[in-house]
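Visitor: sequence and predicted structure are below.
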Amino acid sequence: MTGPVLVFDSGVGGLSVVAALRERLPGAALAYACDNAMMPYGIREDGWLVQRILAVCEAAVSASGCCVLVVACNTASTLALDALRGRLAVPVVGTVPAIKPAAQFSRTGHVGLLATSATVGRPYTLRLIREFAAGCRITRLAADALVGEAERWVCGEAPDRDVIREALAPLWSDSELDTVVLGCTHFPLLHDFLVEAAPRGVAWIDSGDAIARRVAQVIAGPAPCRGPGESFVTAPEPRLRAGLAAFGFAEPSLLHLD
């Protein structure tokens, strides 16, 4: 099966995974879909959200003719990955916080997990910590405000540096914390601002490259890139046009859901 690699997120966070895919698969055609009408996902009820994710992803897969679906959203991955794999005919690659590589990288054994409220406390996340970072101290920090700052940045507005500094502040109480997991795909889009706001140097680790490696393993060969990729939204949003264009996507089309 040939076609583009389709990246899905509730908002623009999946664009950080797009950047990693372009490095790993530079000639591949990519498509992008976001459920901007219902963003952020973290405030939605789980059962309703699973059905919504299924509906949006089915519509986007059909509209794009993709060869693989990348669920570039931690909330969607922890909730709906099995359901998507059971429903769709294309391979589905999910996203998990990069806890394992962070635990391996840390020299002090103190790792910060920066994520949304919906991710930091999920049983799935706690299992990852038990399995891959049992010997580490993990400081879990919900930083929902950073999602909005990333959305603003991609849409052409400067993020609020005070909001970023305040969101990160609890991480710095222990000088031994040396590694931070960016457990939301929105957060790598703010990388330079996070580095600027940190009072000392730490390693910032995200899942983008691991996702791109996995995509390269599961597909025989995506369609070659022949210009801007298709993009899809669930609600008109003029501000998204420039941001999507900056990542190599055409003006978004509106997805029609059953």
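Guide: Great, that's in hand.
Visitor: please report the distance of residue 111 from residue 204.
Guide: Separation of residue 111 from residue 204 (C-beta to C-beta, to the nearest Å): 11 Å. From N, CA and C alone the C-beta is placed, and that goes for glycine too.
Visitor: I meant residue 126, not that one.
Guide: Distance, residue 126 to residue 204, using C-beta to C-beta: 22 Å.
Visitor: out of those two, which sits in the more crowded spot?
Guide: Neighbour totals were compared for residue 126 and residue 204, and residue 204 leads with 20 against 13 (other C-beta atoms under 10 Å).
Visitor: domain assignment for this protein?
Guide: 5-95+209-254, 99-206 (automatic domain parsing).
Visitor: can those domains go into a markdown table with extra columns for mean pLDDT?
Guide: Listed next are the domains of the chain as a markdown table, based on pLDDT from 0 to 100:
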| stretch | mean pLDDT |
| --- | --- |
| domain 5-95+209-254 | 93 |
| domain 99-206 | 95 |
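Visitor: circling back: okay, and the common contacts of residue 111 and residue 204?
Guide: Both residue 111 and residue 204 are contacted by residue 180, under the criterion C-beta atoms under 8 Å, 6 or more residues apart in numbering.
Visitor: ok, and what's touching stretch 57-68?
Guide: By C-beta under 8 Å, 6+ apart, the list of residues contacting stretch 57-68 from outside reads 1-6, 8, 31, 33, 69, 71, 84, 87-88, 90-93, 215, 218-219, 222-223, 230, 232, 253, 255-258.
Visitor: in that stretch, what's buried?
Guide: Neighbour-count burial for stretch 57-68, counted by 16 or more other C-beta atoms under 10 Å, picks out 57, 58, 59, 60, 61, 63, 64, 66, 67, 68.
Visitor: secondary structure and distance to residue 192 for the residues you listed - can I get that in TSV?
Guide: Supplementary listing: these in TSV, determined by DSSP: H, G, I helix; E, B strand; the rest coil; distance: C-beta to C-beta, whole Å:
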residue	secondary structure	distance to residue 192
57	helix	31
58	helix	36
59	helix	34
60	helix	30
61	helix	33
63	helix	34
64	helix	31
66	coil	31
67	coil	33
68	strand	30
